[in-house]
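J.: give me coordinates for this.
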Amino acid sequence: MKDDPKSVRDVLRAAPGAVNLAGYETASTPLAPGKKKRTLQNLIKEGSLLGDLQERLYAESTLGGRRSVLLVLQGMDTSGKGGVVKHVVGLCSPNAVSVKAFKKPTPEEAAHHFLWRIRKALPRSGIIGVFDRSHYEDVLVPRVHDLIPEAEWRRRYEEINVFEAGLVEHGTTIVKCLLHISYAIQRERLLARLDDPTKRWKFNEGDITERAYWADYQAAYADILQHCSPEHAPWYVVPSDRKWYRNWAVEQLLVEALSDLDPRYPEPRLDVDHLRQRLQPPF
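T.: Here you go, the predicted structure:
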């Protein structure tokens, strides 16, 4: 149809207003170039474009460019945050990528404002930064487990919006992805970790405990999508029951964001002819 959206960002962007995550399909594959095999082939092909865009962004920074990209990955346990880091971010050159996984705050971190540890991990100019969990954990977990008053976690929505607006103003493009999986798929993935001796190290018994709060987390995520998805830093809901689609979709979100930035190789002031002459052999 002529009115069909043409970009992954159009398709996956969280709808404005009140959100009900039950209305978002977790196994769908919108705009995928085909089924699993073809989509994985496209993932590798587009990885070359992603790498080229990343290199240009990094090169741009060497002569004063201030722009960077921040990829925020949120989702329930087993939704694939680590998988995205490995299979998508892993296609980029490691010298221009920073990855930070945020776990439960340490005593030192807890003694500061909740954004203190986030600010310390922000990407420098020219870098694609990745947050495996993020500042949104400090709204989700305290809300679900009643660790702080409701007035406090609601106030954090506005603090986050102001914080992200400042990042954008100073040259950071924010790509926020909610890796959306189903309750049943999470169970399958947890069981798969138990079945595979090489994956048991990843198993956390607390993940089973957290499954009892599934509905509470879904409601908390829905509120975040409603209150923290402005035009300059929108949320994208990525169907993640199919790992191959999840990885491809996040890659496309990054490619689209970087393509909009259109980073260019800098043009340093070099006397090329003179430098070539100096490199001529002395005989």
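
J.: wait, Leu70 touches Gly171, no?
T.: No. Assessed by C-beta atoms under 8 Å, Leu70 is found out of contact with Gly171, at 10.7 Å. Where you see a C-beta, it was placed from the backbone N, CA and C, and this is true even at glycine.

J.: quick one, which of the two is more surrounded?
T.: Comparing Leu70 with Gly171 by other C-beta atoms under 10 Å, the one with more neighbours is Leu70, at 23 against 14.

J.: following element in sequence after the helix or strand containing the more buried one, please.
T.: Assigned by DSSP states H and E, Leu70 belongs to strand 68-75. Under the assignment DSSP H and E, the closest C-terminal helix or strand after strand 68-75 is helix 81-87.

J.: tell me the average confidence for that next one?
T.: Mean pLDDT, computed over helix 81-87, is 97.

J.: contacting residues around that helix?
T.: Residues outside helix 81-87 that contact it (C-beta atoms under 8 Å, 6 or more residues apart in numbering) are 43, 73-75, 99, 130, 132-133, 177, 179, 243, 246-247, 250.

J.: can we see that at 6 Å?
T.: By C-beta atoms under 6 Å, 6 or more residues apart in numbering, the residues outside helix 81-87 that reach it are Leu73, Val99, Asp132, Lys243, Asn247, Val250.

J.: quick check: the farthest pair among the residues you listed?
T.: Within the contacts of helix 81-87, Val99 and Lys243 form the most distant pair, 18.7 Å apart (C-beta to C-beta).

J.: what's around Asp271, how many residues?
T.: Residues within reach of Asp271, counting by other C-beta under 10 Å, total 9.

J.: tell me the pLDDT at it?
T.: 83.

J.: and for Met1?
T.: On the pLDDT scale, Met1 gets 36.

J.: in the stretch 51-200 of the chain, where is pLDDT below threshold?
T.: Counting by pLDDT under 70, not a single residue of the stretch 51-200 of the chain qualifies.

J.: which stretches of the stretch 151-283 of the chain form strands?
T.: Under the criterion DSSP state E, counting those that start in this stretch, the stretch 151-283 of the chain contains strands at 172-180, 235-239.

J.: any chance of those in a markdown table, plus mean neighbour count and distance to Val8?
T.: Formatted as a markdown table, those follow (neighbours: other C-beta atoms under 10 Å; distance: least, C-beta to C-beta, whole Å):
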| stretch | mean neighbour count | distance to Val8 |
| --- | --- | --- |
| strand 172-180 | 23 | 11 |
| strand 235-239 | 25 | 8 |
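
J.: need those strands in a markdown table with distance to Gly17, can you?
T.: Converted to a markdown table, the strands of the stretch 151-283 of the chain look like this (distance: least, C-beta to C-beta, whole Å):
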| stretch | distance to Gly17 |
| --- | --- |
| strand 172-180 | 16 |
| strand 235-239 | 13 |
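
J.: nice, that's everything, thank you.
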